[in-house]
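J.: 3D, please:
(2 chains)
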Amino acid sequence: MMNLYQTQRSMRNMRRAAMQRGVVAILDVGSSKIACLVLRFDGSTLGRDEGEIGSLAGQSGFRVIGAATTRSRGVRFGEITAMQETESAIRTALQSAQRMANMRVDHVIACFSGGAPRSYGLDARIDMNGEMVSEQDVARVMASCDVPDYGDTREVLHAQPVNFALDHRSGLSDPRGQLGHTLSVDMHMLTADALVIQHLAHCIKRCDLELAGVASSAYVSGISTLVEDEQELGSACIDLGGGTTSLSIFIKKHMIYADTVRMGGDHVTSDISMGLQIPTANAERIKTLYGGVKATGMDDREMIEIGGDTGDFEHDRRTASRAELIGIMRPRVEEILEEVRARLDAAGFEHLPSQQIVLTGGGSQIPGLDGLASKILGQQVRLGRPLRVHGLPQAATGPGFASAVGLSLFAAHPQDEWWDFDMPSDRYPHRSLKRAVRWFRDNW
Amino acid sequence: MRAIRPQSRLRLDPAPSRLAWRLQRLMLTPAVRVGLRIGLPVALVAAIGLVWLGSADRRAALRDTVLEMRRAVENRPVFMVHMMQIDGASAEVAEDIREAVSIDFPLSSFDLDLAELRSLIKALDPVKAVAVRVRPGGVLQVDIDPRTPAAVWRSREGLSTVDANGAHVAVLAGRSLRADLPLFAGDGADRAIPEGLALYQAAAPLHLRLRGIVRIAERRWDVVLDKGQRIMLPETGAIEALERVIALDGAQDILGRDVARVDMRLAARPTVQMNQDATREWWSIRQLSGQ
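T.: As a prediction, this is how the structure comes out:
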């Protein structure tokens, strides 16, 4: 508990230092690509509280001055499996982003999708005796949450107060200054595998950079893709990535659930590779150019050169119809979406007032995916692209950059987390020791 | 059958090496960039200059060249001074100044040390203050404020004139040349000229008989009248004592009698010394009257 407070708080301080310097790098470590954006903060939003939503939806304070993407190496299922490879891939992305920005970057905010994120809902309640709620009381009620045993090998990634209630008035976003008898809080806590976070931190440290924040890519994709009313009324963002498919559920502008399915576009590619007996690079190419999930009569006649690299003429001149390709892709995409459906059902998504589903990520570009998804997930499905932010190059506006853009927004306006509040004074260990000594002296 | 194109297994890794990465970050550091853009050229030029100046021959040649250029500029006609004009001084004083300054005209104005000229001219006795400047047209203008003689001082060396503060002005050949000025004598009289002049004013009623005032032992004054008469004044309150004597003279005509000196040194006991003949006369009168 103490350790968590300290590491997250030191990352917050690092982020503040980066904002002061005005430059921070955004790093999305994915299974198929590593995207890096360099943000410059112009200082207009520093130290100013803009309320719930700032001007231009909170994206006015920064500008993207460098962007780069590189093929990811050594990452599987959003987790680092080959440290050296990933480190050099991160260096590649950062180097070209720095060159474009013409500026040195020292602080990095990273997001990743692996580590099997798991959501927990926490709540707590304290007596207020009709007094005014102060910041100290908010910290106290959050500290008194009953933390479940999430395991030694896991670490808390996000812990956000979602809802405050004072007596019988619920749905308060900021109870400070109000009067009441009992203050209760609902929190959403997201844990991830500690080793995955440590590997990422180690990789970034080996590049001589400072880690100024870590976020789950399920969360940041939701921030960038869901529009305001969707975030308010309840919606799910499904980010179809390369190695994982992450989903996050938002209501009242807060994330209340996040999960990942450990399947993604790479599995579709490997299915094509195995089904048509072609190299992975070829499979990726024909998936991108000819892929789809809904076959028509026309597709039976459209023949695709699938190629090969063996030197055998017959083998290298093989063709497959587009219907065959779709026949390979569709079951895997259906499997992914059904797995997502199961996760949404487990989270109780059907109880939300609005059940909008937004598909994003590189995988959402498969033609006809929205039709297939509406059959499996429900009627309200749309394809989402990330918000436009200042200075973002055209090449980085596709749905594959949803989490990078969302992480930029998160860096500029982070949500209040547990560790942003001061720890209540009665939780400090040296204080309690002092109190014990005093009790001992008084009584003996 | 092999493929015709070579199998290039050695694909280039796009990732920068750790060294290249660190080098790029170093080159993007603002301090390093400024250092390379400004510091490096400056250091290079400075190094070249220092190496070139390392040789004594080249230093001397450089110094000669610079001096030559300097001379060439200084000797241009606009900077030349052709004559010296002295205003506010009498002919003898002007002659003295020309002698003391002794400049060979024409001369560049850069070679003139006006401050030194000023102190040189100021050191001359008849000059109280001086302003020296180079006037347009190549004229060295010297404006003199001369000392005005206020008294004649007869010292062991001879006669000289002094101004109101006792500063030496000029040597005088004879007293009759400046009969209008009061005469002082005695060692240290020049240092007490203001007091002496005040005494002289106080002695105005005795004007026709006054010969001069003598400083005695550098502390007090004697007023010398004709017929060898002296009024000996005290160290302090000399003017009051003199006024008493003048008043006494006005009342009893004391100085018109056969008196050698009036001694006022002790204010409580003024003493009169009579001449020998007068004393003898006085004794015979006393014997005749039978006292």
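
J.: So which residues on chain A come close to chain B?
T.: A:70, A:88-89, A:91-92, A:95, A:98-99, A:102-104, A:207-208, A:311 (Cβ under 8 Å from any Cβ of the partner chain). Every C-beta, even on glycine, is put in place using the N, C-alpha and C of the backbone.

J.: rerun at 10 Å
T.: With Cβ under 10 Å from any Cβ of the partner chain as the criterion, chain A meets chain B at residues A:70-71, A:73, A:84-85, A:87-96, A:98-99, A:101-106, A:206-209, A:309-313, A:316.

J.: Name the SS class of residue 197, please.
T.: I went with chain A, as the question did not name one. Classification of A:Ile197 using DSSP: H, G, I helix; E, B strand; the rest coil returns helix.

J.: Okay, helices next: where are they in the stretch 1-150 of chain B?
T.: B:18-28, B:30-34, B:40-52, B:56-74, B:91-101, B:114-122 (DSSP state H, counting those that start in this stretch).

J.: what's the least confident stretch among these?
T.: The stretch with the lowest average pLDDT out of the helices of the stretch 1-150 of chain B is helix B:91-101, scoring a mean of 83.

J.: where do the strands sit along the stretch 201-350 of chain A?
T.: Along the stretch 201-350 of chain A, counting by DSSP state E, counting those that start in this stretch, strands occupy A:210-216, A:235-240, A:245-251, A:254-261, A:303-305, A:319-321.

J.: My read is that B:Gly212 contacts B:Val223, right?
T.: Yes. In this structure B:Gly212 lies within contact range of B:Val223 using Cβ atoms under 10 Å: 8.2 Å.

J.: What is the burial count for whichever residue of the stretch 301-444 of chain A sits closest to chain B?
T.: As assessed by Cβ to the nearest Cβ, chain B sits closest to A:Gly311 within the stretch 301-444 of chain A, at 4.6 Å. Residues contacting A:Gly311 under the criterion other Cβ atoms under 10 Å in any protein chain shown number 12.

J.: Read off the pLDDT value for it.
T.: pLDDT, A:Gly311: 83.

J.: Check A:Ser55 too.
T.: Here the pLDDT value assigned to A:Ser55 is 47.

J.: May I ask you to name the longest helix in chain A?
T.: The residue-count maximum for a helix in chain A (DSSP state H) belongs to helix A:322-347.

J.: Let me see the mean pLDDT of the helix or strand following it.
T.: Next along the chain after helix A:322-347, taking DSSP states H and E as the criterion, comes strand A:356-360. Per-residue pLDDT over strand A:356-360 has a mean of 94.

J.: Give me the helices and strands touching strand A:356-360, please.
T.: Counting contacts by 3 or more Cβ pairs under 10 Å, 6 or more residues apart in numbering or on different chains; DSSP states H and E, strand A:356-360 is packed against helix A:217-225, helix A:228-233, strand A:235-240, strand A:245-251, helix A:322-347, helix A:369-377, strand A:381-383, helix A:402-412.

J.: looking at it, A:Glu85 is touching A:Ser72, isn't it?
T.: Yes. With contacts counted by Cβ under 10 Å, A:Glu85 reaches A:Ser72, the gap being 8.9 Å.

J.: okay, these two: which has more neighbours?
T.: Between A:Glu85 and A:Ser72, counting by other Cβ under 10 Å, A:Ser72 is the more crowded of the two (24 against 17).

J.: Pretty sure that one sits against A:Val29.
T.: Yes. Assessed by Cβ under 10 Å, A:Ser72 is found in contact with A:Val29 at 7.2 Å.

J.: Just the buried ones from the residues of chain A next to chain B?
T.: Buried members of those, scored by 16 or more other Cβ atoms under 10 Å in any protein chain shown, are A:70, A:73, A:85, A:87-96, A:98, A:101, A:103-106, A:206-207, A:209.
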